[in-house]
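Enquirer: Pasting the sequence and the predicted coordinates here, then a few questions.
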Amino acid sequence: MAIDDINAVDSDARKNLLEEQFTEIENNEMAETPEVVKSERVRDEAGRFATEQAPAETPEVKQEEEPIWKRPPASWKKDYHEAWKTADPRLQEYAWQREEQMRAGVEPLIQKAQFADQMHEVIQPYMNTIRGLGIEPTQAVKALMEADHTLRNSSPDQRMQYFMQLAQSYGINLGNQPMAPVDNTVYSLQNELNKIRGEIGSWKEMQEQQQNQVLLGEINNFASKAEYFEEARPAMIQLLNVGLAQTLDEAYDKAIRLTPELFETVQQQHNAKVQQQRSMEANRAAKAARAAAVSVRSSTPGATTASKAQDRRSLLEEQFGEISSRV
C-alpha cells in the first residue's frame, strides 16, 4: 500500500473517530435535558452519518367551492334570502336554472323594448303626417332610409334624377332645371288634407284605445263571475270573431255547449243545484205542514188553555165553568 493511501485511510479514520466523539458528547448533553428529544441519525454503509432530509410538506386541503346555485338569485329581495338557504337543494338548483333561463330570454327583449321606446319618441311629433299619408311608421322610416341610401351611394346621374323627383314631389323649383309646373295652392291643399287625415287617424286611434279599455273592463268583470271562463275563452273568441255570438253571455253559453267535457261538468253542477233546491222546498213544505197540524190540534174543543185566574176563588169558578161546558 502506498504512503498516500495509508495517510488517506488514517485521515478518514480520524475523521470518523472525531464525529463519533462529538456525537457521543451531544447524546450525553441531550440525555441530561429531558425536554429535548434525541434525534437518531442514520449512518451509511461506510459508517458515516447520512444527510438529513427535510420533512415532507403536508399537502394543503383545498376547500370545495360552494355551488353557484346555493346563492340566492340576484333578482330576489333580501327578505327571501333566509328562506332560500333553508330550501331543498334540488329546489334551489331548479329555481336557479329557471332564473338563468328567464334572464337569458328577457335581456334581449329588454334591449328591443328600449329601442322601440326610443323610436316611438323620435317619430311621435310626426305621427299626424305619417297617418295623413296613409302609411305605417315602419314604412315611413324605411322610405327615408332608402332615399338617404340612394342619394349617398348612387351614381351622379342617378342621384340627380332622384333628387329632381324629390324636388318635384315636394313642390320645390330648382330654377333652371326643367320640371313640371307646380300649383302652390294645390300643394298646400294636399298638405292640409294630409294633416287633417293624420288628426282624424290620431282621434280614431284614441277612440279605439278607449273602447278597448271599456271592453277589457267588461271582459274582466264577466270573467270574475263566469266560473269556467278560462276553459271557454278559446271557443268564445272564435264565436265572436266569426259573428256567431254578439255578446259575452251568448258566446259563453255557446262555447260551453260546443265543448262536451265542459258541458257535462256544467250540467252535473246544474242538476246538483236543482236537486238541492227541491230538497230545500220539500223541507219548507214539511215544516209548514207540521206547523199547521199543531195549530189545528190546539184549536179543537176540550183543549186546555192557560188559566187567567189571579186568586183561588177565580180559579175554582173557572174549573166549575169548564165542567159545566163539558156536561
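Expert: Perfect, I can see it now.

Enquirer: only C-alpha atoms for contact and neighbour calcs from this point on.
Expert: Fine.

Enquirer: Please report phi then psi for residue 270.
Expert: Note on residue 270: backbone dihedrals following degrees, to the nearest 10 are phi -70, psi -40.

Enquirer: One more: the one 3 residues further on?
Expert: With angles defined as degrees, to the nearest 10, residue 273 sits at phi -70, psi -40.

Enquirer: That one and residue 254: what is the separation?
Expert: Counting by Cα to Cα, to the nearest Å, the gap from residue 273 to residue 254 is 21 Å.

Enquirer: Of those two, which one has the most company?
Expert: residue 254 (18 against 12; other Cα atoms under 10 Å).

Enquirer: what's the host helix or strand of the more buried one in contact with?
Expert: Assigned by DSSP states H and E, residue 254 belongs to helix 248-258. With Cα atoms under 8 Å, 6 or more residues apart in numbering as the contact definition, helix 248-258 has outside contacts at 219, 222, 229, 232-233, 235-236, 239-240, 244-245, 262-263.

Enquirer: for it, what is the average pLDDT?
Expert: Throughout helix 248-258, pLDDT has a mean value of 88.

Enquirer: Check the gap between residue 263 and residue 252 for me.
Expert: 11 Å.

Enquirer: More neighbours: the two, which one.
Expert: Set side by side, residue 263 and residue 252 show more neighbours around residue 252, with 23 against 16, by other Cα under 10 Å.

Enquirer: in the stretch 101-250 of the chain, which ranges drop under the pLDDT threshold?
Expert: 175-188 (pLDDT under 70).

Enquirer: Helices of that one, residue ranges please.
Expert: Applying DSSP state H, counting those that start in this stretch to the stretch 101-250 of the chain gives helices spanning 127-132, 137-153, 156-169, 184-225, 229-241, 248-258.

Enquirer: could these be laid out in CSV, adding distance to residue 105?
Expert: Shown next, in CSV, are those (distance: least, Cα to Cα, whole Å):
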stretch, distance to residue 105
helix 127-132, 32
helix 137-153, 25
helix 156-169, 44
helix 184-225, 28
helix 229-241, 27
helix 248-258, 35
